[in-house]
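Engineer: show me the folded form of this:
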Amino acid sequence: MHLAIKVMPIFSSIFPAKCIRCSRLGNGLCEMCRANLLITRGADLYGVDQCWSAGAYSGWLRDAVLSYKSGRIEFRDGLVEVLYQILQTADCPAQCIVNIPSTIDKVRSRGFDTVGELSVALAKRTKLQVRPVLKFARKIQDQVGLNRTDRGENLDRAFTASHVVPSRIVLIDDVLTTGATVVAAARTLRLCGAKKIYVISVCRT
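Structural biologist: Predicted coordinates:
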């Protein structure tokens with residue numbers, strides 16, 4: 001069982017849920033803040049049919065993602081609600097959810113698989129099945145600080161998949177930067193049966 005799953009019920013019993021944007025008590029993202037999301041479709045990427053996000057990597061979205069990735073698991077539900085709202089707006093006819101995996105080093109340092117946790121929670125919210133099929137085929141360099149070219153080279157043939165996938169999938173990531181990660185993942189997923197790939201991320205740079 002993931003550390004995050006163990007901690008969450010204990011944390012929730014001590015600290016009530018509050019909106020990750022305005023801190024209003026009640027749930028992870030309040031009704032007013034849901035209504036103010038600026039969900040847009042981004043530029044197309046090679047091998048990807050559509051890319052959607054809730055805004056730029058700045059302000060409260062950036063703060064929420066960084067807090068969550070630093071171990072603040074209580075930000076999970078709000079980020080899942082953001083992803084759910086994106087999925088509703090995009091209206092993608094997906095059959096399952098696939099997440100960008102975290103490296104072993106990242107999971108060890110954070111205590112949980114950040115995007116994996118978001119995907120499992122989103123699957124429960126949508127009733128879609130989550131398929132954690134993507135794995136790293138080799139050790140990669142941390143993407144932080146790399147330019148577009150270096151990111152592409154770092155992720156070239158970096159992914160493998162454990163089994164075939166349905167023809168229409170939603171690929172989940174937290175932040176879409178140059179797009180190198182999802183392009184590399186999409187290349188592998190298409191070899192495993194994906195025909196339509198819709199990417200949704202909390203935010204983009």
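
Engineer: in which helix or strand does the residue positioned nearest the centre of the chain reside?
Structural biologist: The chain has residue 173 as the residue nearest its centroid, 2.7 Å off, counting by C-alpha atoms, centre = their mean. Using DSSP states H and E, residue 173 sits within strand 168-176.

Engineer: partners of that strand in the sheet?
Structural biologist: strand 96-99 (parallel), strand 196-204 (parallel) (DSSP bridges).

Engineer: need the next SSE after the first one, C-terminal direction.
Structural biologist: This means strand 96-99. Reading on from strand 96-99 to the C-terminus, the next helix or strand found by DSSP H and E is helix 104-110.

Engineer: what is the longest helix anywhere in the chain packed up against?
Structural biologist: For the chain, the longest helix by residue count, based on DSSP state H, is helix 76-90. Judged by 3 or more C-beta pairs under 8 Å, 6 or more residues apart in numbering; DSSP states H and E, helix 76-90 is in contact with strand 50-53, helix 59-69, helix 114-126, strand 168-176, strand 196-204. Just so you know, the C-beta spots here come from the backbone N, C-alpha and C atoms, and that holds for glycine as well.

Engineer: make a markdown table out of these and add distance to residue 92 and mean pLDDT.
Structural biologist: Listed next are those as a markdown table, based on distance: least, C-beta to C-beta, whole Å; pLDDT from 0 to 100:
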| stretch | distance to residue 92 | mean pLDDT |
| --- | --- | --- |
| strand 50-53 | 7 | 97 |
| helix 59-69 | 21 | 96 |
| helix 114-126 | 11 | 94 |
| strand 168-176 | 6 | 95 |
| strand 196-204 | 4 | 97 |
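
Engineer: could these go into JSON lines alongside distance to residue 23?
Structural biologist: Listed next are the helices and strands packed on helix 76-90 as JSON lines, based on distance: least, C-beta to C-beta, whole Å:
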{"stretch": "strand 50-53", "distance to residue 23": "23"}
{"stretch": "helix 59-69", "distance to residue 23": "10"}
{"stretch": "helix 114-126", "distance to residue 23": "21"}
{"stretch": "strand 168-176", "distance to residue 23": "21"}
{"stretch": "strand 196-204", "distance to residue 23": "18"}
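
Engineer: so which helix or strand of the chain has the lowest pLDDT on average?
Structural biologist: helix 3-14 (a mean of 46; mean pLDDT, DSSP states H and E).

Engineer: after that helix, which helix or strand is next?
Structural biologist: Following helix 3-14 in sequence, per DSSP H and E, is helix 31-35.

Engineer: whichever helix or strand comes after that following helix packs against which elements?
Structural biologist: Scanning forward in sequence from helix 31-35 by DSSP H and E, the next helix or strand is strand 40-41. Judged by 3+ C-beta pairs under 8 Å, 6+ apart, strand 40-41 is in contact with strand 50-53.
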